[in-house]
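Enquirer: Return atomic coordinates for the entry below.
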Amino acid sequence: MPRSSSPSFHEKKIVTMPIRIKDNKNLPAITPQRPSFLQTMKEGVALGIGSSIGHRVVGAFMGPSSPIKEHVPSLMTREYEKCMEEYDDKAVCEKYIK
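Expert: Have a look, this model is predicted:
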């Protein structure tokens, strides 16, 4: 299958600064090309995906970066409140807090 003349996904154009030649003024000025909007979007998505994969890999080895908050189930809270209403003693109802 013949290749097209347009750059493929993996090829990048290298933008270089123009070289000034003092002796020959007949040469045309070379202006650097700016990347298109789609090229910028493509690089941003690739950076975001790479960063996400990197964070997952590091998280797999080192664990999550923030501590996981343990939530007391509401059922346990209701049981503790019922126990306190009935016995009014923290020592008796302590099992519902842990």
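
Enquirer: Can you give the contact residues for the least confident helix or strand in the chain by mean pLDDT?
Expert: The least trusted helix or strand in the chain, going by mean pLDDT, DSSP states H and E, turns out to be helix 74-87, with a mean of 82. Here helix 74-87 makes contact (Cβ atoms under 8 Å, 6 or more residues apart in numbering) with Lys90, Val92, Cys93, Tyr96, Ile97. In short, each C-beta sits where N, CA and C put it, glycine included.

Enquirer: Just the buried ones from those, in ChimeraX syntax?
Expert: Here is the ChimeraX command that selects the buried residues among the contacts of helix 74-87 (16 or more other Cβ atoms under 10 Å):
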select :93,96
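
Enquirer: mind listing what's buried in the least confident helix or strand of the chain?
Expert: With burial defined by 16+ other Cβ under 10 Å, the residues of helix 74-87 counted as buried are Tyr80, Cys83.

Enquirer: Use 85 as the first number for this chain going forward.
Expert: Okay, residue one is now 85; in that scheme the one you just asked about reads as helix 158-171.

Enquirer: what's the distance between Gly128 and Val99?
Expert: 18 Å (Cβ to Cβ, to the nearest Å).

Enquirer: again with Thr115
Expert: 10 Å.

Enquirer: now do Glu165
Expert: From Glu165 to Val99 the distance is 68 Å (Cβ to Cβ).

Enquirer: Now Asp173. Its backbone dihedrals?
Expert: phi -140, psi 120 (degrees, to the nearest 10).

Enquirer: Run through this structure and note the low-pLDDT ranges.
Expert: The model of the chain has pLDDT under 70 over residues 85-96, 102-113, 148-159, 182.
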